[in-house]
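**Q** Below are the sequence and a predicted model for it; my questions follow.
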Amino acid sequence: MVQDSIRTLQAQGHKATKPRKLVLEVLEEIEKPLSPYDIQGVLHARGKYLNHVTIYRILDLLCSLNLAHKVLSSGGFVKCSLDAVEGCHRFMVCQHCGAIREFADKELCQEENNLALNFGFHSEHHLSEFSGLCSRCYKK
């Protein structure tokens, strides 16, 4: 819900500006990955205008607060569906219908950190996603 995201923004010391609210509303309503230009187009169709650079900056902030995530395979952004669930957030993306399922696994995150440390690497962020068929498309 947009109000929950706004509370998180404010709790982290950020203002709930009108542009941030607009981007959050679009991500909440459109449940597929959207590029900044897609978001700009949705807003334009509603009679509102935000510069795409502003949208990029807002998305960077939302991602840094785990309120949104970038989907690697599409390059688009989605609203985080897990709120404060611990662990690295990941996606499973259906290649047929485009369905996206977000999940988090704290143990997987720790295993990846340990793997990196074994190579002398100190990771700050993990990115990965699964690509394949959702259960609905697999049955067809």
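**A** Arrived safely, thanks for sending.
**Q** So which residue is smack in the middle of the chain?
**A** Nearest residue to the geometric centre of the chain (CA atoms, centre = their mean): H69, 1.7 Å.
**Q** Surely D105 touches V85?
**A** No: counting by CB atoms under 8 Å, V85 is not a contact partner of D105; they are 9.3 Å apart. Backbone N, C-alpha and C define where each C-beta goes, glycine included.
**Q** Pull the distance from the one helix or strand the residue nearest to the centre of the chain maps to to the chain's centre.
**A** Using DSSP states H and E, the element containing H69 is strand 68-70. Taking CA atoms, centre = their mean, to the nearest Å, one finds the center of strand 68-70 at 2 Å from the center of the full chain.
**Q** now swap in stretch 77-90 and tell me
**A** From the chain centre to the centre of stretch 77-90 is a distance of 7 Å (CA atoms, centre = their mean).
**Q** List of residues touching that stretch?
**A** By CB atoms under 8 Å, 6 or more residues apart in numbering, the list of residues contacting stretch 77-90 from outside reads 4-5, 24, 27-28, 31-36, 39, 59, 62-63, 66-71, 100, 102-109, 112, 126, 128-130.
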